[in-house]
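Trainee: let me see the structure of the following:
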Amino acid sequence: MEYTVLVRMNEKLFLRDPESSELGRRIVRQAILLIAEIGFEEMTFRKLADRIGTKEASIYRYFENKHRLLVYLVAWYWQWLEYQLMFQTNNLTNPKEKLERIVKLLLLKEPAQSTTKSDADAINIQALHRIVIHEASKAYLTHHITEDNRQQLFKPYKDLCGRIAGIILEYRPNYPYARSRASSIIETAHYQAFFMQYLPSLTDFGPQSTDPLLQEDRLLHFLNHLLFSSLESNTY
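Mentor: Numbers count the residues shown, from 1 in each chain. Okay, the predicted model is just below:
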């Protein structure tokens with residue numbers, strides 16, 4: 001899936017807006033493909049420069065370092081996901097149906113909506129989704145998280161969690177842990193998807209089935225069970 005969505009990014013994430021030039025757009029889009037292929041640890045600006053046929057110094061004109069680039073990509077995904085959430089729940093009136101749609105979106109099991117300009121400008125959402133599953137926690141598990149947070153680098157994630165929390169409260173107005181439940185369902189979806197592929201003994205979605213679609217369906221069922229069993233409990 002490749003989509004172009006106009007996303008306004010925090011200016012603290014870059015030295016020069018990558019969407020302001022053809023080279024900047026290529027840096028972002030090829031970085032997504034490269035990190036998805038070899039991982040964040042193995043990715044370097046030199047490898048990225050070789051991939052797009054430019055000089056390493058050119059990339060440093062856009063991003064201070066590769067961690068800043070990762071935070072940019074993850075923040076872009078959160079904003080894209082919030083756009084999907086708003087668009088795909090806008091015509092739903094039942095909050096339970098909204099939450100069920102959100103769980104599907106977390107696993108990319110719903111067709112995405114976009115405003116596409118051209119294939120050249122497209123973001124590969126499947127590749128970016130893999131990066132978020134594998135690498136997103138590295139964006140904020142750092143010693144400089146307090147300063148990064150002060151600069152509002154994680155606001156897109158907070159906004160997404162806040163929007164999901166609002167729908168949780170539509171469903172259960174007196175539920176006291178809406179934001180915690182919102183962030184935990186996102187993290188659980190991603191960690192379980194990662195474990196399912198690499199550490200299946202930490203899940204119930206592993207070696208017993210070689211069909212990845214069946215495994216994803218079981219994961220979807222588990223996430224719905226986890227979400228609604230907690231919301232419908234009377235013990236809080």
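
Trainee: quick one, strands of this structure?
Mentor: Using DSSP state E, the strands of the chain run over residues 2-3, 123-124.

Trainee: rank those strands by pLDDT, which is bottom?
Mentor: Of all these, the minimum mean pLDDT falls on strand 2-3 (a mean of 50).

Trainee: can you give me the neighbour number for the spatially closest residue to L69 that is not a sequence neighbour?
Mentor: Residue nearest to L69 in three dimensions, not counting chain neighbours: F63, with 4.4 Å by Cβ to Cβ, 6 or more residues apart in numbering. C-beta: built from backbone N, CA, C; applies to glycine. Using other Cβ atoms under 10 Å, F63 is surrounded by 24 other residues.

Trainee: if I look at F63, how far off is R101?
Mentor: Using Cβ to Cβ, to the nearest Å, F63 is found at 34 Å from R101.

Trainee: in the protein, which ranges drop under the pLDDT threshold?
Mentor: Residues of the chain that meet the criterion pLDDT under 70 lie in 1-6, 110-121, 207-213, 236.

Trainee: run the last query once more with 90
Mentor: 1-8, 109-122, 197, 204-218, 233-236 (pLDDT under 90).

Trainee: show me where it has its helices.
Mentor: Along the chain, counting by DSSP state H, helices occupy 22-38, 45-52, 56-60, 66-89, 95-106, 125-135, 145-150, 155-171, 178-198, 212-231.

Trainee: mind putting those into TSV with distance to N10 and mean neighbour count?
Mentor: Shown next, in TSV, are the helices of the chain (distance: least, Cβ to Cβ, whole Å; neighbours: other Cβ atoms under 10 Å):
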stretch	distance to N10	mean neighbour count
helix 22-38	14	18
helix 45-52	21	16
helix 56-60	19	15
helix 66-89	7	20
helix 95-106	23	20
helix 125-135	17	19
helix 145-150	10	12
helix 155-171	7	18
helix 178-198	19	18
helix 212-231	29	16
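
Trainee: out of those, nearest to E11?
Mentor: Taking Cβ to Cβ, helix 66-89 is the member of those nearest to E11, at 10.9 Å.

Trainee: isn't N224 right next to I102, touching?
Mentor: No - counting by Cβ atoms under 8 Å, N224 stays clear of I102, with 10.3 Å between them.

Trainee: got the helices of the chain as TSV, with distance to R8 columns?
Mentor: Shown next, in TSV, are the helices of the chain (distance: least, Cβ to Cβ, whole Å):
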stretch	distance to R8
helix 22-38	14
helix 45-52	24
helix 56-60	22
helix 66-89	8
helix 95-106	21
helix 125-135	17
helix 145-150	18
helix 155-171	10
helix 178-198	22
helix 212-231	30
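
Trainee: which stretch among those comes nearest V7?
Mentor: Of all the helices of the chain, helix 66-89 sits nearest to V7, with 4.7 Å by Cβ to Cβ.

Trainee: which helices and strands sit right next to that closest one?
Mentor: Contacts defined by 3 or more Cβ pairs under 8 Å, 6 or more residues apart in numbering; DSSP states H and E place helix 66-89 against helix 22-38, helix 95-106, helix 125-135, helix 155-171.

Trainee: rewinding a little: if I look at the residue nearest to L69, how far off is I52?
Mentor: As judged by Cβ to Cβ, F63 and I52 stand 13 Å apart.
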